[in-house]
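# Whatever this is, show me its structure:
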Amino acid sequence: MFSLPFKLPTTATAPFCPSEVAGTVAVTAGDPYWKKVLRFAGPGLLVSVGYMDPGNWATAIQGGSQFGYQLLYVVVLSSLAAIVLQCLSMRLGIVTGKDLAVHCREQYKPPVAKTLWGFAEISIIACDLAEVLGCALAFKLLLGVSLPVGVALTALDTLIILGLKGKGFRQIEAIVLGLILTVAVCLVAELIFVKPDWQAVAAGLIPSMQTLAQREPLYLAIGILGATVMPHNLYLHSSVVQTRVVSAAPAAKREAIGLARIDTIVSLLLALLINGAILVVAAAAFYEPGNTRVLDIDDAYQLLAPVAGTALAAILFGLALLASGQSSTFTGTIAGQVIMEGFLKLKIPCWQRRLITRGLALIPAMIGVLTLGEHSVGKLLVLSQVVLSLQLPFAMYPLISLTSQRRIMGDFVNAWWTTALAWLLFVVISAANVWLVWQAVAG
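Just a heads-up that it's a prediction; the model follows:
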């Protein structure tokens, strides 16, 4: 990793929380453009891991195994929508020097702000539930333990957070990058093993409303959408991007926005490639017209090795799933701190925040696997995404509203077409999520 011309401070109470490591990046006019881009890289990576957590794995695997490559374009369109929203979040943080949670506390009446905080905390717990289930499944595959034991082992990740005590923000970004690369390498190996039909892959990139004409593919498409755009990431990005701002001058902010936009787009395109690879692997390994053997992530890890022709495929699947869950754990902890500090002005050590969140996620996870059995992970993961889908509009609305107000953004206020596009996404995602929840309740 490259070095930065500043030293990020550390504390004993919050080893890698944004409010404690608000460093600056010195970019001079004589620096080559590539060096500026590299110095602003990092926040987008932290955000991107939320777009490839075990919840995404569950929806992508189910979509690929049931419908082949037909829903691949849904992954692409969902990721493009995420890029739009994360760019708005990034602009808000850079321009105002405040994150979305702080703005919600300051701009809305206390009852409204507390309600938004409640929804944000639910999204953190729902996301952590997905990480618990994904890591438990990985432990079962790699260590041969039962699913309840795997769930219990996920409690140990608090020790990892304690191990990061005193580390700077740049080191955390490097660790997350390493985990993302682990996922990517594992999926590349899986693609080599399963040998996809690349012509069919290309056809799956073409949007087709006919594909969504029936209830089941439409349900899964909305599930993919709900799993892709994470509410807590909108709060997180507006905070961590401030570690790169150097000056309050308009020119400096404009340059920072441009450089951060590159970081955001590149990072989320990487997430798009990983999510797309998961669906392609599932389609290539399991999809056959009329075949209903493999419908979710529970069956996928059991059947991938014989389909691919090597036991190594199942091991790689478990490693990638474990890396995905652990990287999301890091960013979920940081997002939890951002939300708690922004809404409540309450600061606690990161490991305590992790312990609270993981404890709240472990309870429903353990109850679920004990009552529903060893093959319950897929069902519970999809349920966690339904819960997340409920929270998303409550993060989108203040973000779009705030970035569209000139009194807050000044000359950096959204262009009319950006506002129109963002509100269109709000309407579409809200309607899709309402439909998803209705189907889950009625079905």
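# pLDDT on stretch 237-248, on average?
Model confidence over stretch 237-248 averages 80 on the pLDDT scale.
# Look at it and report the distance between its end residues.
When the termini of stretch 237-248 are compared using Cα to Cα, to the nearest Å, they are 19 Å apart.
# who's in contact with stretch 196-208?
Counting contacts by Cβ atoms under 8 Å, 6 or more residues apart in numbering, the residues outside stretch 196-208 that touch it are 68-73, 76-77, 280-281, 283-284. For every residue, glycine as well, the C-beta is placed using N, CA and C.
# 6 Å instead, please
The contact list for stretch 196-208 (Cβ atoms under 6 Å, 6 or more residues apart in numbering) reads 69-70, 72-73, 280, 284.
# Ok, stretch 365-378 next?
With contacts defined as Cβ under 6 Å, 6+ apart, stretch 365-378 is touched by 58, 129, 132-133, 137, 147-148, 151, 296-298, 380.
# can I have stretch 396-415 written out in CSV, keeping just the CAs?
Presented in CSV, the C-alpha positions along stretch 396-415 are these (Å, rounded to 0.1, in the frame of the first residue of the first chain):
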residue,chain,number,x,y,z
MET,A,396,-32.9,7.6,1.0
TYR,A,397,-35.5,10.4,1.7
PRO,A,398,-33.4,12.6,3.9
LEU,A,399,-30.3,12.1,1.7
ILE,A,400,-32.1,13.1,-1.5
SER,A,401,-33.9,16.0,0.3
LEU,A,402,-30.8,17.4,1.9
THR,A,403,-28.6,17.3,-1.2
SER,A,404,-31.3,19.0,-3.2
GLN,A,405,-31.4,22.1,-0.9
ARG,A,406,-29.2,25.0,-1.8
ARG,A,407,-29.2,26.4,1.8
ILE,A,408,-27.3,23.2,2.8
MET,A,409,-25.3,22.4,-0.3
GLY,A,410,-24.7,25.9,-1.7
ASP,A,411,-23.2,25.8,-5.2
PHE,A,412,-22.9,22.1,-4.9
VAL,A,413,-26.6,21.4,-4.8
ASN,A,414,-27.9,18.6,-7.0
ALA,A,415,-28.6,19.4,-10.7
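# residues contacting the spatially most central residue of the chain?
With distances taken as Cα atoms, centre = their mean, the chain has G50 as the residue nearest its mean C-alpha position (1.3 Å). Contact criterion Cβ under 6 Å, 6+ apart gives 230, 233, 331 as the residues in contact with G50.
# which one is the second one nearest to, not counting chain neighbours?
Put plainly, it is N233. G50 (4.6 Å; Cβ to Cβ, 6 or more residues apart in numbering).
# I'd like the distance between that neighbour and W351.
When distances are taken as Cβ to Cβ, to the nearest Å, G50 and W351 turn out to be 20 Å apart.
# try K109
Between K109 and W351 the distance, using Cβ to Cβ, works out to 33 Å.
# More neighbours: which of the two?
In this comparison of K109 against W351, neighbours counted by other Cβ atoms under 10 Å, the higher total goes to W351 at 20 against 8.
# Low-confidence ranges, the stretch 101-250 of the chain, go.
For the stretch 101-250 of the chain, residues meeting the criterion pLDDT under 70 lie at 157-175, 226, 245-246.
# the helices in it, which residues?
With DSSP state H, counting those that start in this stretch, the ranges of helices along the stretch 101-250 of the chain come out as 110-143, 147-153, 157-163, 169-194, 198-204, 215-228, 231-240, 250-286.
# Please name every helix or strand in contact with the fourth one.
The elements that helix 169-194 packs onto, with contact taken as 3 or more Cβ pairs under 6 Å, 6 or more residues apart in numbering; DSSP states H and E, are helix 43-48, helix 250-286, helix 311-344.
# which parts of the longest one are buried?
Which is helix 250-286. 253, 255-257, 259-261, 263-264, 267-268, 270-286 (16 or more other Cβ atoms under 10 Å).
# now do the last one
Applying a neighbour-count criterion of 16+ other Cβ under 10 Å, the buried positions in helix 311-344 are 313-343.
# and it with helix 250-286, angle?
Orientation check (axes from the mean of the first three to the mean of the last three Cα atoms, to 10 degrees): helix 311-344 against helix 250-286 gives 140 degrees.
# Helix 311-344 - what's its average pLDDT?
Averaged over helix 311-344, pLDDT sits at 81.
# Report all helices and strands that it contacts.
Here helix 311-344 is seen to pack against helix 100-107, helix 110-143, helix 169-194, helix 231-240, helix 297-308, helix 350-372 when contacts are counted using 3+ Cβ pairs under 6 Å, 6+ apart.
# what's around the residue nearest to T419 when sequence neighbours are not counted, how many residues?
Leaving aside its chain neighbours, T419 sits nearest to S404 (4.7 Å; criterion: Cβ to Cβ, 6+ apart). Applying other Cβ under 10 Å, we find 19 other residues in the vicinity of S404.
# just L220 next, same as before
Using other Cβ under 10 Å, L220 has 23 other residues around it.
# So it versus V176, what's the distance?
The spacing between L220 and V176, counted by Cβ to Cβ, is 28 Å.
# Checking Y69 next. Helix, strand or coil?
Judged by DSSP: H, G, I helix; E, B strand; the rest coil, the three-state class of Y69 is coil.
# Report the contact partners of it.
Shown here is Y69, whose contacts under the criterion Cβ under 6 Å, 6+ apart are 200-201, 204, 283.
# Format these as CSV; extra columns: distance to T115.
Compiled in CSV, the contacts of Y69 are given as follows (distance: Cβ to Cβ, whole Å):
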residue, distance to T115
A200, 46
V201, 43
G204, 40
A283, 41
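# Now L388: closest residue in space that isn't a chain neighbour?
Beyond its immediate neighbours in the sequence, the residue positioned closest to L388 (Cβ to Cβ, 6+ apart) is A126, lying 4.9 Å away.
# Sorry, slip of the keys, the one I care about is F426.
In space, F426 is closest to M396, 5.1 Å off (Cβ to Cβ, 6+ apart).
# So for that neighbour, what's the pLDDT?
On the pLDDT scale, M396 gets 94.
# now do D296
In this prediction D296 is given a pLDDT of 68.
# Tell me how many other residues crowd G42.
G42 is flanked by 26 other residues according to other Cβ under 10 Å.
# Check Q405 too.
Other residues within reach of Q405, judged by other Cβ under 10 Å, total 12.
# next one: phi and psi at it?
According to degrees, to the nearest 10, the main-chain angles of Q405 amount to phi -100, psi 120.
# List the contacts of it.
Contact analysis of Q405 by Cβ under 6 Å, 6+ apart lists nothing.
# hang on, the earlier thing: was I right about the residue nearest to T419 contacting N414?
Yes: counting by Cβ atoms under 6 Å, S404 does reach N414; the two are 5.0 Å apart.
# just to revisit the earlier point, per-residue confidence for the residue nearest to T419?
As summarised for this prediction, S404 has a pLDDT of 95.
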